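> the following block contains a protein sequence and its predicted model.
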Amino acid sequence: MAKVVYEVVEHDGGWAYKYNGVFSETFPTHKAAHAAAERAAAEQRVPGRTEEIQYEDRTGKWHEETARGSDRPSTEVVDKS
């Protein structure tokens, strides 16, 4: 199972959360950024529908697979302040 870790950090004159090097919008307080990260983490755990998906890889080859809606990551929010 994959794990998604959101980090709450100082960013652009305020606070944000980030995952995999990508920042959220900036929040005025640490508390607001942390709450937003908790909401994002909770949304990641919500199951969806099982669907057939198609995608193209880096080499230009197309793939088809079944994406199980129940295959959700575990999540965590950590403070890097």
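Thanks, I have it. Owing to the predicted nature of the structure, the values given are computational and were not obtained by experimental measurement.
> what's near enough to touch the residue nearest to residue 66 when sequence neighbours are not counted?
With sequence-adjacent residues excluded and distances taken as CB to CB, 6 or more residues apart in numbering, residue 66 is closest to residue 52, at 5.8 Å. The way it works is simple: take the backbone N, C-alpha and C, and place the C-beta from them, glycine included. Residue 52 is in contact with 64-67, counting by CB atoms under 8 Å, 6 or more residues apart in numbering.
> how about the helices of this protein, start to end?
30-44 (DSSP state H).
> distance of residue 15 from residue 72?
For residue 15, the distance to residue 72 equals 26 Å [CB to CB, to the nearest Å].
> looking at those two, which one has more neighbours?
residue 15 (23 against 16; other CB atoms under 10 Å).
> picking up where we left off before, and the pLDDT at the residue nearest to residue 66?
Residue 52 carries a pLDDT value of 96.
> and residue 69, by the same measure?
So, for residue 69, pLDDT stands at 89.
> dump the residue contacts of it.
Going by CB under 8 Å, 6+ apart, the list of residues near residue 69 reads 47-51.
> apart from its neighbours in sequence, what residue is nearest it?
Once flanking residues are discounted, residue 69 sits nearest to residue 48: 3.9 Å by CB to CB, 6+ apart.
> what about the one you found, how many neighbours?
Neighbours of residue 48 under the rule other CB under 10 Å: 11.
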